[in-house]
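Asker: missing the sequence, but the structure's below:
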Ligand code: MN
Ligand code: MN
C-alpha cells in the first residue's frame, strides 16, 4: 500500500527542499541580542520567497522554553547572551508539510547537549525503515542521548505529517516505550529528539502563555470584525497553526484586539501553550522530515 502518489511525493520533496534552503540561510543570521520577531519574520519570508508557505509560525524557543513560542505582534524580546536557541520551521506546498529544527548554542558549555540531540536524530535516521516499530526508534534515540550523558524529554514525540496535517496520527517517541505500531513504507515522518541535562525532570509542562493558534470551530459570530478574521484564517491557513502577527491589516487596527479576543473566548480558535521544561533546565532539539523506504528513509529537509 502506498501512502502518497508520485505527484504528492514530488510536492513533499519540493516542500522539503524549500525548507532546507530557508533553514540554512536563516541559520547563518542568528546572533545574540537579536529581536526574536526579526528571526520569525525572516524565516517566514525566506520560505515565501522560495515559493512555499509556512506550515506554522517559526518557533524560537530559548533555554528552558522547549517549543511553541513565536513572537506575538510587536514582540520586544531578544535572544539572551549565552543562551541555547531552538529554531523550528515548517513549510507546506499545496498542503504537503515538512518540518525541521536546529539548535544554536551561544554557551560553549552546552555544545555537547546540542550534539546529543543531533546524534539521537542521526541514529534514528540510520535505523528507520518500513516494518520497524516506533518503540524501537524511541529506544535508539534514548540510548544515543543517554550514552552521551544527557536525558531525552519523555513527553514530546516525533510525528507523521500529511496534507494540511502537522500531526497525521502516528507518533515516534524519544524514549523506549511499549507499542506495537509499525512504520510503513511511504509514510512521511518528522523525527525530533529533545535533550536536557541529566539532572532535569526530562519532561515539559504547559506555560500559561499562548502565541500560536489554530482554527478549531468554524462557526458564525456576531461581531463583523471577528467574522472577517475567521474568514481570512479559514481561507489562508485552514486548520494549520498561525501567529497573530499574520493577521495584521485584516481588520482596522483599533478593532483587532477585541475581534481576536472574541475568537479565543468563543473557542473558535485555540492556542497552543508554550512548553517549558518542568525543572526549568535548558533543552536542545534537532529535527528532520523523512520519507520511509523499504530499506531505510530519505531525508527531505
Ligand atoms: Mn518542528
Ligand atoms: Mn515536528
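Answerer: Now that the structure is in, tell me what you want to look at. Remember, it's a predicted structure, so these values are computed and weren't measured experimentally. Ligands and ions are numbered 1, 2, ... in the order given.
Asker: Report how many residues lie close to residue 257.
Answerer: 12 (other C-beta atoms under 10 Å). C-beta: built from backbone N, CA, C; applies to glycine.
Asker: scratch that, residue 127 is what I was asking about
Answerer: 16.
Asker: Tell me the pLDDT of it.
Answerer: Reading off the confidence values, residue 127 has pLDDT 98.
Asker: Let me know whether it touches residue 137 as I believe.
Answerer: Yes: with contact defined as C-beta atoms under 8 Å, residue 127 and residue 137 form a contacting pair (6.5 Å).
Asker: all helices for this structure, in order.
Answerer: Using DSSP state H, the helices of the chain run over 6-27, 36-49, 111-127, 134-147, 224-236, 253-265.
Asker: Not including adjacent chain positions, what is the nearest residue to the residue in the stretch 101-250 of the chain that ligand 2 sits nearest to?
Answerer: Nearest residue of the stretch 101-250 of the chain to ligand 2, counting by C-beta to the ion: residue 190, 3.9 Å away. Closest residue to residue 190 apart from its sequence neighbours, by C-beta to C-beta, 6 or more residues apart in numbering: residue 99 at 4.0 Å.
Asker: how many neighbours does the one you found have?
Answerer: 29.
Asker: re earlier: so for the residue of the stretch 101-250 of the chain closest to ligand 2, what's the pLDDT?
Answerer: So, for residue 190, pLDDT stands at 98.
Asker: Spit out the contact partners of residue 39.
Answerer: Residues in contact with residue 39 (C-beta atoms under 8 Å, 6 or more residues apart in numbering) are 26, 29-30, 58, 60, 79, 87.
Asker: Okay, and which of those map to strands?
Answerer: 58, 60, 87 (DSSP state E).
Asker: Residue 97 against residue 159, yeah?
Answerer: No: here residue 97 does not reach residue 159: they are 10.0 Å apart, not a contact under C-beta under 8 Å.
Asker: These two: which has the busier surroundings?
Answerer: residue 97 (28 against 21).
Asker: I'd like the distance between that one and residue 282.
Answerer: 28 Å (C-beta to C-beta, to the nearest Å).
Asker: How about residue 254?
Answerer: 40 Å.
Asker: More neighbours: which of those two?
Answerer: Higher neighbour count among residue 254 and residue 282: residue 282, with 23 against 8, using other C-beta under 10 Å.
Asker: Could you pull up the contacting residues of the more buried one?
Answerer: Residue 282 makes contacts with 63-64, 84, 110, 113, 196-197, as judged by C-beta under 8 Å, 6+ apart.
Asker: same thing but at 6 Å, please
Answerer: Residue 282 makes contact with 63-64, 84, according to C-beta atoms under 6 Å, 6 or more residues apart in numbering.
Asker: For it, give me phi and psi.
Answerer: phi -70, psi 150 (degrees, to the nearest 10).
Asker: pLDDT score for it?
Answerer: In this model, residue 282 is scored at 98, pLDDT.
Asker: Roughly how far does residue 250 sit from residue 223?
Answerer: Residue 250 sits 13 Å away from residue 223, going by C-beta to C-beta.
Asker: May I have the beta-bridge partners of the residue nearest the centre of the chain?
Answerer: Centroid check for the chain by C-alpha atoms, centre = their mean gives residue 88 as the closest residue, at 4.8 Å. The partner list for residue 88 in beta bridges (DSSP bridges) reads residue 59, residue 101.
Asker: Quick check: it touching residue 58?
Answerer: No: look at residue 88 against residue 58 with C-beta atoms under 6 Å: they stay out of range, at 7.2 Å.
Asker: so where is the chain shaky, pLDDT-wise?
Answerer: 1-2 (pLDDT under 70).
Asker: Out of the contacts of residue 39, which end up buried?
Answerer: Neighbour-count burial (16 or more other C-beta atoms under 10 Å) applied to the contacts of residue 39 gives 26, 30, 58, 60, 79, 87.
Asker: I'd say the fourth one and residue 36 touch.
Answerer: Yes: applying C-beta under 6 Å as the test, residue 60 and residue 36 come out as touching, 4.8 Å apart.
Asker: so how far is residue 187 from the nearest residue to residue 163 once chain neighbours are set aside?
Answerer: Once flanking residues are discounted, residue 163 sits nearest to residue 95: 4.1 Å by C-beta to C-beta, 6+ apart. Separation of residue 95 from residue 187 (C-beta to C-beta) stands at 16 Å.
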